[in-house]
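> Requesting a structural model of the entry that follows:
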Amino acid sequence: MDDTIRLAVIIASTRDGRFGPTVAGWFTRHVRRRPGLEPDVIDLAETALPAVLPDHGDAAPPAPVRALAPRLAAADAFAVITPEYNHGYPAPLKTAIDWYYAEWRAKPVAIVSYGRDTGGALAAAQLRQVFTEVDAVAIRDGVTLPRYWELFAADGSWPKESAGCDTDVKVTLDRLTWWARALRDARARRPYDG
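You can find the predicted model right below:
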């Protein structure tokens, strides 16, 4: 049996000039350094998910929704890279969550947030509630990046070595990997019937 954990890294922001791809690149570099973790970066700015959802039981989902579904279904775990906008997370992320259900069920989610003074902690708290509603397991450990613009090194690289977030990402990946294996084993023994 393949013990590789497939980790979908979701970039939530779709705004022009967004910082999410920088955070996702940093996070994904950490993922790639760990044997047994295989990242799949999903940029919501590239998925073209429709903002208008149909009523339950309506016609088949649109092509962009069908295209993303297998990538989410194949994931053993998720890491959501999100900014905090006005004390919340971006609307395209909520839309992406709401288009799917079975793809999230009984899988762990880590939240990597960035923002002003809170580092995205308010957005992360809201996301934990939302993911619980779709039967995902939002893990306690995550990464918050307050005033992320102050974490650039003199040479322009991000984050600078003294930032401390490299320690946070290690703990987050340790916990996420544990939960991913535990929940994958549980789903294999007894499919989740939420």
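> Of all residues in this protein, which one is nearest the centre?
V80 (1.7 Å; CA atoms, centre = their mean).
> That one and A121, how far apart?
Distance, V80 to A121, by CB to CB, to the nearest Å: 14 Å. C-beta coordinates here come from the backbone N, C-alpha and C atoms, glycine included.
> The closest residue to R116 other than its chain neighbours: neighbour count?
Excluding the flanking residues, the one nearest R116 by CB to CB, 6 or more residues apart in numbering is R147, at 6.5 Å. Applying other CB atoms under 10 Å, we find 12 other residues in the vicinity of R147.
> and the closest residue to E84 other than its chain neighbours, bridged to which residues?
Closest residue to E84 apart from its sequence neighbours, by CB to CB, 6+ apart: G115 at 3.4 Å. Beta bridges link G115 to P146, judged by DSSP bridges.
> Does G115 touch H87 like I think?
No: applying CB atoms under 8 Å, one finds G115 not in contact with H87, separated by 9.1 Å.
> how long is stretch 142-161 end to end?
For stretch 142-161, the separation between the terminal residues is 19 Å (CA to CA, to the nearest Å).
> show me the contacts for the residue of the chain positioned farthest from its centre.
Distance from the C-alpha centroid of the chain, by CA atoms, centre = their mean, peaks at A154 (29.0 Å). Residues in contact with A154 (CB atoms under 8 Å, 6 or more residues apart in numbering) are K160.
> Any figure for the gap between it and S162?
12 Å.
> Quick check: buried residues in stretch 85-100?
88-90, 92-97, 99-100 (16 or more other CB atoms under 10 Å).
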